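Q: Got a predicted structure plus its sequence, pasted below:
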Amino acid sequence: MGSGGSSAQKEKNAAAVADPSVREEDAVAQNLKMFIVGTAGSGKSTICKQINIGFGGGIDDDLKAQILLQIRRNLVIRIYRALQSFLAAAEKELKDTMEGIMFYEAADRLQFVDDVQLLGMEGRDMGRLLCRILLDPSYTSHFETTSAKNHEEVLLHQSVETYITKTLLEGKTDMETEDFTFQKLFHPDYSLSFFDIMRVRLSTVDAQQSVFNYEGREWSLTDLGGQVHLRTTWKVLETEAGVMLFIVNLADYLEVDQQGKNLLEVAHDTFAEITDKAGCNEKPVVLVLNKCDLFQDLVKENPLSNHKLFATMEPQRTEKGETDEDFYQRSCKEVFRLFRHTFRKNYRGEHSATEVPIEYYVTCATDEKFVENSMQKIMMSLAKRFLSHLKSNGFL
């Protein structure tokens, strides 16, 4: 590109080169807005919670109450589904036994739980029931010997195995002590931990805005909902300066929507649509590859190279010593390359498409370093964008 542009802009750029403080102000001042975008279920609300806990005002009491109630709901639902799986597999062995009666009664109770039964003293009784289920040797054995068949079952098995492990490691048998994790979680005075807050998903019902501070600067954070009916709020991306974080659920490569379309393809098409709009494809972008813990387990049995979007990707090179960890890392990079290619193809800015700054970060819900590391990626993207701007105007 040439060194065109208004004389006022040239003077501003020249001042930025001469004075680092002017350079910093010019590079960042118009980009102190962060927009978090992605399809439904990608994990945007978790990312926002991590940022608010790390640098913002934290989580208020009302939201904590919502989170705790949702955690209890999720536990009951997952253990109920796991119990159904167990009962179907062990129907003959449990028939007409006292143990079987206990399990079937527990399943009936869990099936019809409402929010009232998850609060107060009734909630405490629910915690005791879950402990009794998880401590039963037959139930434990079932999940040690049964393989997951799909993404939903992977989630279910991971959850239940985690619950069982936690409960068994506590090594207690006295249900009256109320020292078990689940009894504590359902106790009226339970206080949420960082991991509790991160693991629960609350759907975005409208564009959510908050403020946080990073290195002495105030940023505004906007969570633009991923559901189709909320996408009218995405118009702000075309008109307001800022940084865009696009969240991708890596585990979506195995999932389909109600129309039968692969969810990773839906995310990619959505990203292509957004970055093809004027004003969107000139923003600094950080691609956040989320739910890497699930993805790492899934690619072992269901290689990304089998997906049609990655038809040119080599399968795992086991004969060359490529480990599962190496293949997982390569798979993450392939997902990034796909989105980067689309971003560069849509770019209509002032410098070479190959120089377009787009960064990526791989994370999951319990990544305690997410905020610091992702902010470094954001600042890197901003700096690259500014330097490219100076170069295209003939100052570098």
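A: Yep, that arrived.
Q: tally of neighbours for N213?
A: 11 (other Cβ atoms under 10 Å). All C-beta spots, glycine's among them, are computed from the backbone N, C-alpha and C.
Q: could you give the mean pLDDT of the helix or strand harbouring it?
A: Using DSSP states H and E, N213 sits in strand 208-214. Strand 208-214 carries an average pLDDT of 76.
Q: now for it, which elements pack on it?
A: Counting contacts by 3 or more Cβ pairs under 8 Å, 6 or more residues apart in numbering; DSSP states H and E, strand 208-214 packs against helix 44-55, strand 217-223.
Q: Mind putting these into TSV with mean neighbour count and mean pLDDT?
A: Below are the helices and strands packed on strand 208-214 laid out as TSV (neighbours: other Cβ atoms under 10 Å; pLDDT from 0 to 100):
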stretch	mean neighbour count	mean pLDDT
helix 44-55	22	72
strand 217-223	17	81
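Q: Just put those in JSON lines and tack on distance to T363.
A: Below are those laid out as JSON lines (distance: least, Cβ to Cβ, whole Å):
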{"stretch": "helix 44-55", "distance to T363": "8"}
{"stretch": "strand 217-223", "distance to T363": "16"}
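Q: With respect to S331, which of the ones you listed lies nearest?
A: helix 44-55 (21.0 Å; Cβ to Cβ).
Q: Hey, what's the angle from the closest one to strand 208-214? Just curious.
A: 30 degrees (axes from the mean of the first three to the mean of the last three Cα atoms, to 10 degrees).
Q: Hmm, G242 and V37 touching each other?
A: No: V37 is not in contact with G242 according to Cβ atoms under 8 Å; the separation is 11.1 Å.
Q: the more surrounded of those two?
A: Shown here are V37 and G242; by other Cβ under 10 Å, V37 has more neighbours (24 against 19).
Q: Just the helices from the stretch 151-300 of the chain, written as ranges.
A: 151-169, 181-185, 194-199, 236-239, 263-275, 292-301 (DSSP state H, counting those that start in this stretch).
Q: Just the residues contacting the fourth one, thanks.
A: This points to helix 236-239. With Cβ atoms under 8 Å, 6 or more residues apart in numbering as the contact definition, helix 236-239 has outside contacts at 35, 37, 207, 222, 224, 244, 274, 277-280, 283.
Q: re earlier: between the helices and strands packed on strand 208-214, which one is nearest to Y190?
A: helix 44-55 (18.1 Å).
Q: Out of the helices and strands packed on strand 208-214, flag the one nearest Q117.
A: Taking the helices and strands packed on strand 208-214 one by one with Cβ to Cβ, helix 44-55 is closest: 25.6 Å.
Q: list the helices and strands that closest one packs on?
A: strand 33-38, helix 194-199, strand 208-214, strand 217-223, strand 243-249, strand 285-290, helix 370-392.
Q: Flag every buried residue along the following helix or strand past that helix.
A: Moving toward the C-terminus from helix 44-55, the first helix or strand encountered (DSSP H and E) is helix 61-89. Buried residues in helix 61-89, counted by 16 or more other Cβ atoms under 10 Å: 67-68, 70-72, 75-76, 78-83, 85-87.
Q: do stretch 250-268 as well
A: Per 16+ other Cβ under 10 Å, stretch 250-268 contains these buried residues: 250-255, 262-268.
Q: hang on, the earlier thing: just flag the most distant two among the contacts of helix 236-239.
A: Farthest apart among the contacts of helix 236-239 - using Cβ to Cβ - are A207 and A278, which lie 21.0 Å from each other.
Q: More neighbours: the two, which one.
A: The neighbour comparison of A207 against A278 (other Cβ under 10 Å) goes to A207, with 16 against 9.
Q: What is the burial count for L245?
A: Using other Cβ under 10 Å: L245 sits among 26 other residues.
Q: So what sits opposite it in the bridge?
A: In this entry, L245 is beta-bridged to I36, V286, by DSSP bridges.
Q: Could you shift the numbering so residue one becomes 3, and keep it that way?
A: Shifting the count to begin at 3 puts that one at L247.
Q: quick revisit: which one of the helices and strands packed on helix 46-57 has the poorest average confidence?
A: The bottom spot among those, by mean pLDDT, belongs to helix 196-201, with a mean of 64.
Q: can you pull the contacts of G40?
A: 46, 228, 248-251, 269, 272, 290.
Q: if you skip the residues just before and after it, what's nearest to it?
A: Nearest residue to G40, sequence neighbours excluded (Cβ to Cβ, 6 or more residues apart in numbering): I249, at 3.4 Å.
Q: What is the burial count for that neighbour?
A: I249: 26 neighbours (other Cβ under 10 Å).
Q: is it true that it touches K293?
A: No: assessed by Cβ under 8 Å, I249 is found out of contact with K293, at 9.5 Å.
Q: hey, what's in contact with both of these two?
A: With Cβ under 8 Å, 6+ apart, I249 and K293 have common neighbours G45.
Q: Residue ranges in the protein under the pLDDT threshold?
A: For the chain, applying pLDDT under 70 flags the ranges 3-33, 55-61, 149-163, 165-184, 196-210, 227-235, 351-358, 367-368, 373, 384-398.
Q: Show me it divided up by domain.
A: 9-61+206-389, 63-199 (automatic domain parsing).
Q: and those domains, which is most packed in?
A: Among the domains of the chain, domain 9-61+206-389 has the highest mean neighbour count (mean count of other Cβ atoms under 10 Å), at a mean of 17.
Q: Spit out the contact partners of Y141.
A: 85, 88, 105, 135, 166.
Q: which ones are touching the third one?
A: The one in question is F105. 85, 88-89, 96, 135, 138, 141.
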